[in-house]
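Peer 1: Fold the following and give me the result.
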Amino acid sequence: MSADLPLTPDYDAWPIHADIIAVESDPQLVTVRWNDGRQSRYHGIWLRENAADDSTINPATRERILDLSTLPAWPTIADAEVDEAGALCVTFAPEQRRLRFHPGWLRAHDYDNGEDPEAPLVPVTTWQGGEDKVPDSLEAAGLLDTEPGSEAEEAILAPALESVLAKGLVRLHHLPTEPGSLKAIARRIGPVRPTNFGLLFDVKAKPDPDSNAYTSIALPPHTDLPTREYHPGLQMLHCLENSVEGGQAVMLDGFAVAEALRERDPEAFVTLTRVRWCFANTARTTDYVWYSPMIRLDERGELLEVRIADFLRGPLQTDFEEVEPAYRALMTLQAMLREPEFALRFTYAPGDLVIFDNRRLLHARDAFEGDSGHRWLQGCYMERDEIRSRYRLVQRSRRQRRLTRE
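Peer 2: Have a look, this model is predicted:
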């Protein structure tokens, strides 16, 4: 295969797992035959929009500049062939423009063979807790000493990202315990999302708290900031000190609980996907309110998020006939959240960092004796988009290294 292959309309690297051996075309379609037996069809209009020449994209940014509606007519295929470099070459009419397509990129974007472009980057795995269960736990000493983007950094981050994408949770050990170091750790993944609690926030008992989190009382299972239109996708909690009696951390997979509810009580499940509850912040200096179901599904009926926090629910405002069914469904869910088999319990050690999906996992805390020692966590928020982007970059760098070594 020649190195003289065309640009792709992105910054990724696309290994060639199969070669194009034959091409057939009509005015609307190109059919590509690969040397592993696969056959792929591509529409002419799709190929024209996804070309990588300088009439279609800006080569400096790889962003599209073509407006299809400005073409003189609907693009049709005048000719198609495979060239000496192994690229697909298509001549489009009425432009009479000859454009080349990278075979690795074409194969990776083969929409004709049923590959799901929206499949999770890592398969989602629901889980239950229990006395003998602990979070996926990884050694992370030296993370901040690695070069950003290096293989050494990737060796620590990649399995952590995979655990969060699959299970919604990971625990990293032996990170620095200097106050504020969480900011540098988080930025190895992506930008931190600021809130009214700040870029970073301290979780410890305060004399004048504006949240139950800033007390020593037990916290029930909840997701953070359900009062926001788009509540944060990820949360990080970094242990700086922990010498108190009590205060054990509790995590529950909200997706596992929701699926169990769907099986045990389908009516309650449907009710919680339909009724829009009020989530309200009652702090002295802010006034956040949002209405949402407690369980949200995507267009395919798959779980998208849970939004649960009893201490941040405002008065239910819904159709009169919905009130009692809504409360029955809520109480069923509340009882399930107390079932010990869903709960994963562990104790923070200084230097531990827990990263979890705040739109999937519920976290809780046992009460602790405030005068028995010190308990200080620092936290921050981030979006799901950031962890997905960072993991795609990991995949990209792996592909690039594979190409370099071939």
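
Peer 1: and the nearest residue to F201 once chain neighbours are set aside, what helix or strand is that in?
Peer 2: Spatial nearest neighbour of F201, chain neighbours left out: G379 (5.2 Å); criterion: CB to CB, 6 or more residues apart in numbering. (Each C-beta comes from the backbone N, C-alpha and C, glycine too.) Using DSSP states H and E, the secondary-structure element containing G379 is strand 375-382.

Peer 1: mean confidence for that strand?
Peer 2: The pLDDT scores in strand 375-382 average 96.

Peer 1: Same check on stretch 147-163?
Peer 2: Mean predicted lDDT for stretch 147-163 stands at 96.

Peer 1: Stretch 179-195 now?
Peer 2: pLDDT averaged over stretch 179-195 gives 97.

Peer 1: for stretch 358-365, same thing?
Peer 2: On average, stretch 358-365 scores 97.

Peer 1: send the alpha carbons of that stretch over as CSV?
Peer 2: Only the C-alpha atoms of stretch 358-365 are listed here, as CSV (Å, rounded to 0.1, in the frame of the first residue of the first chain):
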residue,chain,number,x,y,z
ASN,A,358,-23.0,11.8,38.5
ARG,A,359,-25.8,11.1,36.1
ARG,A,360,-25.7,7.4,36.7
LEU,A,361,-24.2,6.7,40.2
LEU,A,362,-25.8,7.7,43.5
HIS,A,363,-23.4,8.5,46.3
ALA,A,364,-24.1,8.6,50.0
ARG,A,365,-22.2,9.0,53.3
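
Peer 1: hang on, T347 packs against Q248?
Peer 2: Yes. Applying CB atoms under 8 Å as the test, T347 and Q248 come out as touching, 5.5 Å apart.

Peer 1: Identify the contacts common to the two.
Peer 2: Common contact partners of T347 and Q248 (CB atoms under 8 Å, 6 or more residues apart in numbering): none.

Peer 1: Now do the helices in this structure.
Peer 2: Per DSSP state H, the chain carries helices over the ranges 44-49, 103-108, 151-167, 181-186, 254-264, 266-274, 323-337, 384-405.

Peer 1: closest one to D116 among the ones you listed?
Peer 2: With CB to CB, the closest approach to D116 among the helices of the chain belongs to helix 103-108: 13.2 Å.

Peer 1: elements contacting that closest one?
Peer 2: For helix 103-108, the elements it packs on are strand 39-43, judged by 3 or more CB pairs under 8 Å, 6 or more residues apart in numbering; DSSP states H and E.

Peer 1: shaky segments in the protein?
Peer 2: Applying pLDDT under 70 to the chain picks out residues 1-3, 205-215, 370-371, 406.

Peer 1: domains of it?
Peer 2: Annotated domains of the chain cover 20-117, 137-392 [automatic domain parsing].

Peer 1: Pull up the gap between R338 and L362, please.
Peer 2: 12 Å (CB to CB, to the nearest Å).

Peer 1: the more surrounded of those two?
Peer 2: L362 (23 against 10; other CB atoms under 10 Å).
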